[in-house]
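> structure of the sequence below:
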Amino acid sequence: MQYESPKPATELILRRGGKILISQRGQEPDKGKFDMPGGFVEAQETIEQAALREAQEELGISQDDVLGIEYLTSFATYYPYGKEVYNVTVSVFVADLKEGVDVTPLDDVSAVRWIGAQDIDSVDWSRVHQRNNAQLVLGQK
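Residues are numbered from 1 along each chain as shown. The predicted structure follows:
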């Protein structure tokens with residue numbers, strides 16, 4: 001019997017000044033919608049390392065720009081890629097971005113935005129999980 005094991009992935013919710021940073025997807029799937037910086041875990045990499053690497057690749061920040069990375073939650077989802085659909089388990093982390101650190105949309109991110117609790121329902125989210133996690137971090141749940 002062969003089991004369909006999910007691919008591991010990460011997301012990093014960055015906080016600063018009572019807001020969180022969200023990124024707009026620059027490529028399919030879900031081009032134009034918002035989520036948190038993240039991606040797939042590479043071989044010989046921990047999920048924490050993957051979260052920080054993805055933040056560097058997508059936002060141009062370094063590990064030294066982030067304080068107190070902590071596990072928040074996880075969720076199961078899918079990721080369509082070409083003609084395939086991957087089952088994915090996403091580990092979500094939260095951390096504070098140091099004051100004065102600028103972020104730059106890179107890689108597959110077309111734009112970034114800081115949002116507060118009052119903005120959550122107006123965002124066109126890539127997945128409902130991202131909306132729920134934003135609520136958790138911004139204290140609405």
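
> after the longest helix belonging to the chain, next one along is what?
With secondary structure taken from DSSP state H, the chain has its longest helix at helix 47-59. Past helix 47-59, heading to the C-terminal end, the next element that is a helix or strand (DSSP states H and E) is strand 66-81.

> what comes up buried for the following helix or strand past that next one?
Heading C-terminal from strand 66-81, the first helix or strand you meet, by DSSP H and E, is strand 84-97. Judged by neighbour count (16 or more other C-beta atoms under 10 Å), strand 84-97 contains these buried residues: 89-95, 97. Backbone N, C-alpha and C define where each C-beta goes, glycine included.

> rewinding a little: who's in contact with the longest helix of the chain?
Residues external to helix 47-59 that are found in contact with it (C-beta atoms under 8 Å, 6 or more residues apart in numbering): 8-12, 14, 21, 23, 37-42, 45, 61-63, 66, 69, 91, 93, 103-109, 112.

> now with 6 Å?
With C-beta atoms under 6 Å, 6 or more residues apart in numbering as the contact definition, helix 47-59 has outside contacts at 10, 12, 37-39, 41, 61, 63, 91, 93, 103, 106-107, 109.

> still on that earlier bit, reformat the buried residues of strand 84-97 as JSON lines; add pLDDT.
Written out in JSON lines, the entries for those read as follows (pLDDT from 0 to 100):
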{"residue": "89", "pLDDT": "96"}
{"residue": "90", "pLDDT": "96"}
{"residue": "91", "pLDDT": "97"}
{"residue": "92", "pLDDT": "97"}
{"residue": "93", "pLDDT": "97"}
{"residue": "94", "pLDDT": "97"}
{"residue": "95", "pLDDT": "97"}
{"residue": "97", "pLDDT": "98"}
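
> and of the residues you listed, the nearest to residue 81?
Ranking those by separation from residue 81, with C-beta to C-beta as the measure, puts residue 90 on top at 14.9 Å.

> isn't the closest one up against residue 8?
No: contact between residue 90 and residue 8 fails when scored by C-beta atoms under 6 Å: they sit 8.1 Å apart.

> go ahead and produce PDB holding the CA coordinates of the worst-scoring helix or strand of the chain on mean pLDDT.
Counting by mean pLDDT, DSSP states H and E, the chain has its least confident helix or strand at helix 128-137, which shows a mean of 91. Taking Å, rounded to 0.1, in the frame of the first residue of the first chain, the C-alpha atoms of helix 128-137 are listed here in PDB:
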ATOM      1  CA  VAL A 128      -9.500  30.900   4.200                       C
ATOM      2  CA  HIS A 129      -6.700  29.600   6.500                       C
ATOM      3  CA  GLN A 130      -4.700  32.800   5.900                       C
ATOM      4  CA  ARG A 131      -7.700  35.000   7.000                       C
ATOM      5  CA  ASN A 132      -8.200  32.800  10.100                       C
ATOM      6  CA  ASN A 133      -4.500  33.000  11.000                       C
ATOM      7  CA  ALA A 134      -4.500  36.800  10.600                       C
ATOM      8  CA  GLN A 135      -7.400  36.900  13.000                       C
ATOM      9  CA  LEU A 136      -5.500  34.800  15.500                       C
ATOM     10  CA  VAL A 137      -2.400  37.000  15.400                       C
END
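
> understood, closing this out.
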